[in-house]
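*Asks:* no FASTA, just this:
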């Protein structure tokens, strides 16, 4: 990792939230998916819509990663697109909040595999972008890392020179996931070697000196899938963490379902249970495409298809508390139409589960209800009491397709009382009340034109905490005030500054 201090960077000022409030974050509030769809989850549990750049008629818009800032504004997302700009060799692209290609993001080693965006610091400057490629190994898809500088390119973000860094020598299966470390700050990134039972575990830490671990446990992944669809597919599947980060479900295209406990402090899996044994793809077992867990972690929901039964799709529920988990299977829905595809399913910030629908033949987009997302309104309930609604969310004239983003639980705090709870971070609610933070902060004049600027806060609170740091993270000013109008410091060097009020919001400030 390069020494960032050797780089010339513009002076900036940041008001950083205190550790106690830093980790009540809203990075999961925006979802982007095909076709040209974007959803923002609102304070009342409803959603608003916006348009994205994802529009892929070839791969139907595999959309893997989205991230918003701590106040809920879209930052970056990835996915596929019909128009491949040159000289790009990628197929899966990274977009900024203005729905344009992120600078220097062409020629990333990224195909149609999983992607993931995680914060790399606490001031929303650097982000980890993990991505896979189809090529580079006889079996499996190599896992890479690239770094995003969110302050680059005028604040729209850019890929730095830390680009296409291969993390593991081992070829990985076509999926990986992440969960918050028990210290409440760092992350575990979980991948799996293709054709073995070995997990590849990465502990991300500030500064980029990431720690690698390996653990052999469970079934051989991809044992029956013949390399996925055809040779070299790389073990297609899905990894799903419970909301509390203590359970991991792994699924393979061949129908295998495995269940593990996970220790967020030491990064070790335990208590392995095989729920369902796979078979050779195409010989009668249901192929499982995607899955998610209920908010309380008790119920597993899977999307599958029976390839020898007219490709009819199923939505199943399994009770992970049952003595015989496989026998607890409840078929919640069976598609009455041929070639209906149910591929994407995800747990949303409002604790509802959403899933996609698509008709691949004979007439694309002809399946009734494809302009809706399906919704499981009460996923913590067993069987039909979960309230599955095939037409739960109208897409405002848009169409759903193959996938929805899988976003990690950013609200996880530390495991209180554990040896890893060493950073002084308070645990936060796993479902914090989200309030709209736009227009809560005003600076006038802005630009200041050599006049003293005042910060006006339009948000109720008994006290406001302001800490000013420069871009290296050095604290240069701290202020606590009960007033909603605060004088900002004078005699600053010219440049662009960003002001963030703890728990309220942020705004750019230009000093001339």
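*Replies:* On my side now, so go ahead. As the structure is a prediction and not an experimental result, all values here were calculated from the model. Residues are numbered from 1 along each chain as shown.

*Asks:* counting contacts, what elements does the helix or strand residue 146 falls within pack onto?
*Replies:* With secondary structure defined by DSSP states H and E, residue 146 is part of strand 143-149. If you count contacts as 3 or more CB pairs under 8 Å, 6 or more residues apart in numbering; DSSP states H and E, strand 143-149 packs onto strand 126-132, strand 158-159, strand 165-166. To be clear about C-beta, it is placed using only N, CA and C from the backbone, and glycine gets the same treatment.

*Asks:* who touches the helix or strand following it?
*Replies:* Downstream of strand 143-149, the first helix or strand assigned by DSSP H and E is helix 152-155. Helix 152-155 is contacted from outside by 96, 102, 103, 158, 160, 496, 508, using CB atoms under 8 Å, 6 or more residues apart in numbering.

*Asks:* dump the residue contacts of the closest residue to the first one other than its chain neighbours.
*Replies:* Spelled out, that is residue 96. Of all residues not flanking residue 96 in the chain, residue 156 sits nearest, at 4.5 Å (CB to CB, 6 or more residues apart in numbering). Shown in contact with residue 156 (CB under 8 Å, 6+ apart): 96, 97, 98, 100, 102, 103.

*Asks:* ok, the fifth one touching residue 149?
*Replies:* No - with contacts defined as CB atoms under 8 Å, residue 102 does not count as touching residue 149, sitting 9.9 Å away.

*Asks:* identify whichever of the helices and strands packed on strand 143-149 lies nearest to residue 465.
*Replies:* strand 126-132 (23.7 Å; CB to CB).

*Asks:* which other helices and strands does the closest one contact?
*Replies:* strand 74-80, strand 115-119, strand 143-149.

*Asks:* name the helix or strand for residue 262, please.
*Replies:* Under the criterion of DSSP H and E, residue 262 resides in strand 257-263.

*Asks:* mean confidence (pLDDT) on that strand, please.
*Replies:* Here strand 257-263 scores 95 as its mean pLDDT.

*Asks:* other residues contacting it?
*Replies:* For strand 257-263, contacts defined as CB under 8 Å, 6+ apart pick out 179, 182, 217-219, 241, 245-251, 268-276, 288, 300, 302, 318, 320, 325.

*Asks:* so for it, what gets flagged as buried?
*Replies:* 257, 258, 259, 260, 262, 263 (16 or more other CB atoms under 10 Å).

*Asks:* which residue packs closest to residue 465, ignoring adjacent ones?
*Replies:* residue 502 (4.3 Å).

*Asks:* do the same with residue 345
*Replies:* In space, residue 345 is closest to residue 355, 4.1 Å off (CB to CB, 6+ apart).

*Asks:* pretty sure the one you found is in contact with residue 401, am I right?
*Replies:* No - the criterion here is CB under 8 Å, and residue 355 misses it with residue 401 at 11.7 Å.

*Asks:* now do the SS call for the most centrally placed residue in the chain.
*Replies:* What sits nearest the mean C-alpha location of the chain, by CA atoms, centre = their mean, is residue 407, with 2.6 Å. Using DSSP: H, G, I helix; E, B strand; the rest coil, the structure places residue 407 in coil.

*Asks:* can you redo the buried residues of strand 257-263 as JSON lines with distance to residue 128?
*Replies:* JSON lines is the format used below for these (distance: CB to CB, whole Å):
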{"residue": "257", "distance to residue 128": "29"}
{"residue": "258", "distance to residue 128": "26"}
{"residue": "259", "distance to residue 128": "27"}
{"residue": "260", "distance to residue 128": "24"}
{"residue": "262", "distance to residue 128": "20"}
{"residue": "263", "distance to residue 128": "22"}
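
*Asks:* and which of these is nearest residue 48?
*Replies:* The closest of these to residue 48 turns out to be residue 262 (CB to CB; 34.3 Å).

*Asks:* hey, what's the closest one bridged with?
*Replies:* Applying DSSP bridges to residue 262 gives these bridge partners: residue 269.

*Asks:* what sits closest to residue 244 if chain neighbours are left out?
*Replies:* Nearest to residue 244 is residue 297, by CB to CB, 6+ apart, at 6.1 Å.

*Asks:* in a strand, that's where the one you found is, yeah?
*Replies:* No - going by three-state DSSP, the assignment for residue 297 is coil, not a strand.

*Asks:* list the contacts for it?
*Replies:* 242, 243, 244, 246, 247, 320.

*Asks:* ok, how many other residues are close to residue 402?
*Replies:* 23 (other CB atoms under 10 Å).

*Asks:* name the SS class of it, please.
*Replies:* Residue 402 ends up coil, using three-state DSSP.

*Asks:* next, residue 328: phi, psi?
*Replies:* Main-chain dihedrals, residue 328, degrees, to the nearest 10: phi -80, psi 0.

*Asks:* same deal with residue 326?
*Replies:* Torsion angles, degrees, to the nearest 10, at residue 326: phi -60, psi -40.

*Asks:* just give me the neighbour total for it.
*Replies:* Other residues close to residue 326 by other CB under 10 Å number 12.

*Asks:* how far away is it from residue 277?
*Replies:* 9 Å (CB to CB, to the nearest Å).

*Asks:* same check, this time on residue 254
*Replies:* Applying CB to CB to residue 254 and residue 277 gives a distance of 9 Å.

*Asks:* which of these two has more neighbours?
*Replies:* Comparing residue 254 with residue 277 by other CB under 10 Å, the one with more neighbours is residue 254, at 27 against 15.

*Asks:* report pLDDT for the more buried one.
*Replies:* 75.

*Asks:* same check, this time on residue 492
*Replies:* 78.

*Asks:* tally of neighbours for it?
*Replies:* Count around residue 492 with other CB under 10 Å applied: 17.

*Asks:* next, it: secondary structure please.
*Replies:* The assignment at residue 492 comes out as coil when based on three-state DSSP.

*Asks:* hmm, back to that, would you show me how to pick out the buried ones of the contacts of residue 297 in ChimeraX?
*Replies:* To isolate the buried ones among the contacts of residue 297 in ChimeraX, judged by 16+ other CB under 10 Å, type:
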select :242,243,244,247,320
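
*Asks:* host element of residue 50?
*Replies:* According to DSSP H and E, residue 50 maps onto strand 47-51.

*Asks:* also residue 206?
*Replies:* Residue 206 is part of no helix or strand when elements are defined by DSSP H and E.

*Asks:* what pLDDT does the model give the residue lying closest to it once chain neighbours are set aside?
*Replies:* Residue nearest to residue 206 in three dimensions, not counting chain neighbours: residue 121, with 6.2 Å by CB to CB, 6+ apart. Confidence at residue 121, expressed as pLDDT, is 83.

*Asks:* could you count how many residues lie near residue 121?
*Replies:* Residue 121 - counted by other CB under 10 Å - has 13 other residues nearby.

*Asks:* swap in the one 5 residues further on?
*Replies:* When neighbours are defined as other CB under 10 Å, residue 126 has 19 of them.

*Asks:* so what's it bridging to?
*Replies:* In this entry, residue 126 is beta-bridged to residue 149, by DSSP bridges.
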